[in-house]
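Chemist: This is a predicted model, with the sequence first.
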Amino acid sequence: MNTPGALLFDFGGTLDVPGSHWLDRFLAHYLAAGMRLTREQLDPAFAYATTMGYREGPAMHNRGLGELIRLLVDLQLDYLSSHGPEDVRSQLSGLAATGRARLMERISMGFIDQSTRGLAESREVLSILASRFRLGVISNFYGNLDRILADAGMRNLLATIIDSARLGVFKPERRIFEAALEALAIPPAEAAMIGDSLDKDCLPARSLGMKTVWLRPLPGGSVDNAGDSRLVDRTIGTLRELVELQW
């Protein structure tokens, strides 16, 4: 297999904290903050906050990571307080306004700190890869991905950033991958897509003729860790493996 000229990365679960879906990460920080709830109970609140975040439009464009995560947690808590299971609503109704504010901040800061550490590690890997490949990011995001990548010190390493909220197209639609290829002015065969989701990252990219690298999700997460690795060209456990990957 020929070495690609460009590497395109997913963001959440790939560049921030590799192998970990945002829902699973939020759940861990809720539990660490003392909330008693399950993944199934948090899931609809996570989906609600995600949808509302996408609807923010231009108001979201200049928000940094901290502002984004605090907004999402606030929306999740709103949903859980009004639509969550009775035991979860009971936990939240027992909190005064200051108690809820402390809970939101603890969950948010845990998530933000974890993301900051993960992004710093990924930046080191991308700094090495940038000497050999053109790099880009394709993500289902909120319209502020360029701001977050700039804050993480990655913007100067990237030739293109495709943010679904800006483009108006979301993975796994092929158009979002085509937009990245057009921005780089390269054919699909000269690009590789790296992501933690087979369905949203690897398979649609492969259908276009791109090379694919599956960042295998961590055990116990929401994405099937036992997915069929025969559907991709390469499987890795950490981003750092890309530095030595033999194409």
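Modeler: Yep, it's here. Residues are numbered from 1 along each chain as shown.
Chemist: Quick one: the strands in this protein, in order.
Modeler: 6-9, 134-139, 160-163, 191-195, 211-215, 234-236 (DSSP state E).
Chemist: do you know which of those strands lies nearest S122?
Modeler: strand 6-9 (8.4 Å; CB to CB). In short, each C-beta sits where N, CA and C put it, glycine included.
Chemist: Can you give me the domain boundaries for this protein?
Modeler: Annotated domains of the chain cover 6-20+118-244, 22-115 [automatic domain parsing].
Chemist: Mean confidence (pLDDT) on the shortest one, please.
Modeler: Averaging the model's pLDDT scores along domain 22-115 yields 97.
Chemist: Nearest residue to S93 in space, ignoring adjacent ones along the chain?
Modeler: Excluding its sequence neighbours, the residue lying closest to S93 (CB to CB, 6 or more residues apart in numbering) is S81, at 7.1 Å.
Chemist: I figured that neighbour hits Q91, correct?
Modeler: No - in this structure, S81 is not within contact of Q91 by CB atoms under 8 Å, at 9.5 Å.
Chemist: The longest helix seen in the chain: which residues count as buried?
Modeler: Determined from DSSP state H, the single longest helix within the chain is helix 97-129. Neighbour counts over helix 97-129 (16 or more other CB atoms under 10 Å) mark 100, 103-104, 106-112, 114-115, 118-119, 121-122, 125-126, 129 as buried.
Chemist: just stretch 70-89 next, same as before
Modeler: 70-81, 84, 88.
Chemist: Return the member of those nearest to R206.
Modeler: L72 (30.7 Å).
Chemist: how near is the closest one to F133?
Modeler: Distance from L72 to F133, counting by CB to CB, to the nearest Å: 32 Å.
Chemist: Ok, L27 next?
Modeler: Distance, L27 to F133, using CB to CB: 34 Å.
Chemist: Between the two, which has more neighbouring residues?
Modeler: L27 (22 against 19; other CB atoms under 10 Å).
Chemist: pLDDT score for G221?
Modeler: Predicted confidence (pLDDT) for G221: 53.
Chemist: most neighbours per residue, which of the domains of the chain?
Modeler: The highest mean neighbour count among the domains of the chain, using mean count of other CB atoms under 10 Å, belongs to domain 6-20+118-244: a mean of 19.
Chemist: circling back to that earlier point, contacts only, for the residue nearest to S93.
Modeler: Contact partners of S81, counting by CB atoms under 8 Å, 6 or more residues apart in numbering, are R89, L92, S93.
Chemist: now A180
Modeler: L8, G136, I138, T160, I162, A191.
Chemist: F177 versus the closest residue to the second one other than its chain neighbours, what's the distance?
Modeler: It refers to G136. Using CB to CB, 6+ apart and skipping the chain neighbours, the partner closest in space to G136 is T160 (4.0 Å). Plainly put, T160 is 11 Å away from F177 if you go by CB to CB.
Chemist: from memory P58 sits against A165, does it?
Modeler: No - using CB under 8 Å, P58 is not in contact with A165; the gap is 9.8 Å.
Chemist: residues bridging contact with those two, i.e. touching both?
Modeler: G143.
Chemist: So for G153, what's the pLDDT?
Modeler: Per-residue pLDDT puts G153 at 97.
Chemist: What sits closest to it if chain neighbours are left out?
Modeler: Using CB to CB, 6+ apart, the closest residue to G153 is R123 (5.4 Å).
Chemist: same check, this time on S115
Modeler: D16 (4.7 Å).
Chemist: Now do that neighbour, the pLDDT please.
Modeler: For D16, the pLDDT comes out at 96.
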